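**Q** please find the sequence and the predicted model below.
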Amino acid sequence: MLKVENVTKMFGGLAAVSDVSVEFEAGRINAIIGPNGAGKSTFFNLISGLHQPTSGRILLDGVDVTNLPSDRVARLGVGRTFQTTNLFEQATVLDNLIVGHRLRTKSGLWDVLINSKRLQREEKAARDKAMEALEFVGLAHVAGQFIADITQEERKRVAFALALATDPKIVLLDEPAAGVNPEETVGFAALMRKMVDEKGLTVCLIEHKMDMIMSLADKIMVLDHGEKIAEGTPEEVRNNPVVIEAYLGGDEDAAA
Amino acid sequence: MFKVASLLMTPAAKYLMLAFAILFPLVAANEYQVYVMATAFVWAIAVYGLNIITGFCGQLNLAHGGFFAIGAYTLGLLTADYGWSFWPAFLGALVMTAVLGFLVGIVSLRLKEHYFAIFTLCVGFIIYLLIDKWEELTHGTIGVRDIAAPYGFGLVDFTDTTPFYYLVLAFLVFAIWFMGRLSKSLLGRTFIAIRNGDELAQSLGINLMRNKVLAFVLSTTYAGLAGALYAGMVRFIGPEEANINHTFDMITYLLVGGIGTIMGPLLGTVGIVWITQSLQFLEEYRMIIFGPLLVLLVIFFPRGITGSFLTWMHRKSQALAPTKKRQENKVNTAQNREAESNA
């Protein structure tokens, strides 16, 4: 599905991501964990094309996407969410989601001027897709409310729905459960599982909530200082001494 | 209160406004009032252009007044110096502002946020300097005289104020109509997604540069249209048309009326032009009243008259229909959208 080969990203003299190779299989939940500043978000930015790697290759279903701009990558089926999502606060939830399907449509300025059949058809398709995504994340009942009037948890679900409206094959979720309570965290875990089971998506997530990750992920990759220090099943990662050291600190850290 | 306000959001309100605009020259006390209204409409068209790039697409373009001046000068010079008649020169002005908008756009839109604003501020000033100093082409500070009036094809004489008023009104109606259609379309939603954030828009598969340049060209063409109409109306223009103050005036109209809304540019422009007119007796001191009013408005009504009204209406309608059932909510959404597009 997604294959990352020896990818390095330098910012000036600093390696944010250093020689990382990993493969994510289709229809699985893959988690990326690591301490703050380990390069997790940068890794997502490299896959989604917001940053171009300094060296290495990224393959999506065998297609080289290493140096494609992010809008092209999105069209190839990579959806993503951000840690914070800026939406149009004084517009309804549904109105905010309609644009999600824009990348599958072709209408331009001329279609707007003459209100072409194509534009009408595509707008209906985009609206239906938005409603479908909203139903999938369980928010159909707030479709008509302003973004400004919904809860933090609902906002996070809207961000999911926006990514789903792009018709992705793989979704990259950057800390989907940050800032929500334990009960809601369970809800997000169920939603991610549902994305895999019902939509057949591949999920990649960055998360700090270990309980959630250990019960949810099929595969975990651990980053530290930009380097991959471990990968495997939750069980393997949990018992890996290198991981334990990175998280709990080595002797010299403990002394400091 | 809510019910009365709801009437403002029906299509009837739009037609009432149009009827008032059509009847205005008949009820106006004198020709001067018609002239002031026509001027306000010309500026409103330019403000609609600013609304596309700044209100919808979120890029603060400070060269907007410059493009207004380019439209005015293109029409003025083509008719006065090169003997073109009005309508071909009018088209020429639109093409000129669109092409220059494209060229400025592909360079300036590489910059983001305040860097873009500062860059366009410089572009606006360069346009002013070129007009002021390039005397061989623009006549410098002397300005352009003897600009042709629109040719009425033997039917109307556009050198009269009232026929010209109707000509401007027709273009204004077209400008608003297109804005309404754009805002509801996938293209308008694409612009709004870019305003929400570059990275999010890109992750939704939106090509930033292509869409930003399109919004920019549309906005400069609106400015060129307004500038050409202005030149055809006053028929004498000078470098002052490119003064940066015009850009800031337009931003004020946009903020007061409601940035990113459909009726905001019209309400803001017409409202402020008339308030300014009625405060003429205060001369320079009118800014003492005007400044604080603007500050209060931006603090308490950041989305201007129209935006605040629409938000208030939406909250009211949600409160009056407290249902969690999806079907009913769906209907609400449809109604709100309908209402919003009508307002």
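**A** Sure thing, it's come through.
**Q** skipping its backbone neighbours, what lies nearest the residue in chain A that chain B sits nearest to in space?
**A** Residue of chain A nearest chain B, by Cβ to the nearest Cβ: residue A:103 (2.8 Å). Where C-beta positions appear, they are placed from N, C-alpha and C, glycine not excepted. Excluding its sequence neighbours, the residue lying closest to residue A:103 (Cβ to Cβ, 6 or more residues apart in numbering or on different chains) is residue B:205, at 2.8 Å.
**Q** report the buried residues of the longest helix seen in chain B.
**A** In chain B, assigned by DSSP state H, the helix with the most residues is helix B:208-234. For helix B:208-234, the neighbour count (16 or more other Cβ atoms under 10 Å in any protein chain shown) marks B:208, B:211-233 as buried.
**Q** spit out the contact partners of residue 65.
**A** All of this refers to chain A. Going by Cβ atoms under 8 Å, 6 or more residues apart in numbering or on different chains, residue A:65 touches A:49, A:58-59, A:72-73, A:76, A:78.
**Q** let's do chain B instead
**A** Residues in contact with residue B:65, defined by Cβ under 8 Å, 6+ apart, are B:124, B:223, B:241-247, B:250.
**Q** returning to that earlier point: so which of the contacts of residue A:65 is the closest to residue B:42?
**A** Distances from those to residue B:42 were compared by Cβ to Cβ; the smallest belongs to residue A:72, at 41.9 Å.
**Q** that closest one reaches residue A:49, doesn't it?
**A** Yes: the criterion here is Cβ atoms under 8 Å, and residue A:72 meets it with residue A:49 at 6.8 Å.
**Q** neighbour count for those two, which is higher?
**A** When residue A:72 and residue A:49 are compared for neighbours, residue A:49 comes out ahead with 23 against 16, by other Cβ atoms under 10 Å in any protein chain shown.
**Q** that one and residue A:172, how far apart?
**A** Distance of residue A:49 to residue A:172, given as Cβ to Cβ, to the nearest Å: 11 Å.
**Q** quick one: common contacting residues for these two?
**A** What both residue A:49 and residue A:172 touch, as defined by Cβ under 8 Å, 6+ apart, is the set residue A:78.
**Q** check the secondary structure at the residue of chain A closest to chain B for me.
**A** Secondary structure for residue A:103, judged by DSSP: H, G, I helix; E, B strand; the rest coil, is helix.
**Q** for chain B, give me the ranges with low pLDDT.
**A** Across chain B, the ranges flagged by pLDDT under 70 are B:321-343.
**Q** so where's chain A uncertain?
**A** Those would be A:249-256, if you go by pLDDT under 70 across chain A.
**Q** residue closest to the middle of it?
**A** Against the mean C-alpha coordinate of chain A, by Cα atoms, centre = their mean, the closest residue is residue A:172 at 1.9 Å.
**Q** in terms of helix, strand or coil, where does the closest residue to chain A within the stretch 101-250 of chain B fall?
**A** Of all residues in the stretch 101-250 of chain B, residue B:205 sits closest to chain A, with a separation of 2.8 Å (Cβ to the nearest Cβ). Secondary structure, three-state DSSP: residue B:205 is coil.
**Q** that one contacts residue A:74, correct?
**A** Yes: using Cβ under 8 Å, residue B:205 is in contact with residue A:74, at 3.6 Å.
**Q** joint contacts of these two?
**A** Contact criterion Cβ under 8 Å, 6+ apart; residues shared by residue B:205 and residue A:74: A:103, A:166.
**Q** which helix or strand contains the most centrally placed residue in chain B?
**A** Closest residue to the average C-alpha location of chain B: residue B:47 at 1.7 Å, with Cα atoms, centre = their mean. In this structure, residue B:47 is located in helix B:31-50 according to DSSP states H and E.
**Q** how far out from the middle of the chain is that helix?
**A** Here helix B:31-50 is found 10 Å from its chain centre; the criterion is Cα atoms, centre = their mean, to the nearest Å.
**Q** dump the C-alpha coordinates for the helix or strand that it is followed by into CSV.
**A** Counting by DSSP H and E, the next helix or strand C-terminal to helix B:31-50 is helix B:64-80. Output in CSV follows, covering the C-alpha atoms of helix B:64-80 (Å, rounded to 0.1, in the frame of the first residue of the first chain):
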residue,chain,number,x,y,z
HIS,B,64,-6.8,46.9,-5.6
GLY,B,65,-7.0,50.7,-6.0
GLY,B,66,-4.1,50.5,-8.5
PHE,B,67,-6.1,48.1,-10.7
PHE,B,68,-9.1,50.5,-10.5
ALA,B,69,-6.8,53.2,-11.8
ILE,B,70,-5.4,51.0,-14.6
GLY,B,71,-9.0,50.3,-15.7
ALA,B,72,-9.7,54.0,-15.7
TYR,B,73,-6.5,55.0,-17.5
THR,B,74,-6.7,52.3,-20.1
LEU,B,75,-10.2,53.5,-21.1
GLY,B,76,-9.1,57.2,-20.8
LEU,B,77,-5.9,56.9,-22.9
LEU,B,78,-7.4,54.7,-25.5
THR,B,79,-10.3,57.0,-26.2
ALA,B,80,-8.6,60.4,-25.6
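**Q** after helix B:64-80 comes which helix or strand?
**A** Counting by DSSP H and E, the next helix or strand C-terminal to helix B:64-80 is helix B:86-108.
**Q** can you name every helix or strand that the helix or strand that that next one is followed by contacts?
**A** Using DSSP H and E, the helix or strand that directly follows helix B:86-108 along the chain is helix B:113-133. Applying 3 or more Cβ pairs under 8 Å, 6 or more residues apart in numbering or on different chains; DSSP states H and E, one finds that helix B:113-133 makes contact with helix B:64-80, helix B:86-108, helix B:135-138, helix B:244-257.
**Q** what comes up buried for helix B:113-133?
**A** Neighbour counts using 16+ other Cβ under 10 Å place B:116-117, B:119-121, B:123-125, B:127-128, B:130-132 of helix B:113-133 among the buried residues.
**Q** what of stretch A:127-144?
**A** Those would be A:127, A:129-131, A:133-134, A:136-144, for stretch A:127-144 by 16+ other Cβ under 10 Å.
**Q** stretch A:16-32 now?
**A** For stretch A:16-32, a neighbour-count test (16+ other Cβ under 10 Å) marks A:16-18, A:20, A:22, A:24, A:29-32 as buried.
**Q** winner for burial among the helices and strands packed on helix B:113-133?
**A** The highest mean neighbour count among the helices and strands packed on helix B:113-133, using mean count of other Cβ atoms under 10 Å in any protein chain shown, belongs to helix B:64-80: a mean of 28.
**Q** which element is the residue lying closest to residue A:16 once chain neighbours are set aside on?
**A** Leaving aside its chain neighbours, residue A:16 sits nearest to residue A:42 (4.3 Å; criterion: Cβ to Cβ, 6+ apart). Assessed by DSSP H and E, residue A:42 sits inside helix A:40-48.
**Q** after that helix comes which helix or strand?
**A** By DSSP H and E, the next helix or strand past helix A:40-48 is strand A:55-60.
**Q** and that next one, does that touch chain B?
**A** No: applying Cβ under 8 Å from any Cβ of the partner chain, one finds strand A:55-60 separated from chain B by no less than 14.1 Å.
**Q** name the helices or strands packed onto that strand?
**A** Counting contacts by 3+ Cβ pairs under 8 Å, 6+ apart, strand A:55-60 packs against strand A:2-11, strand A:14-24.
**Q** skip ahead from that strand and say which helix or strand is next.
**A** Scanning forward in sequence from strand A:55-60 by DSSP H and E, the next helix or strand is strand A:63-64.
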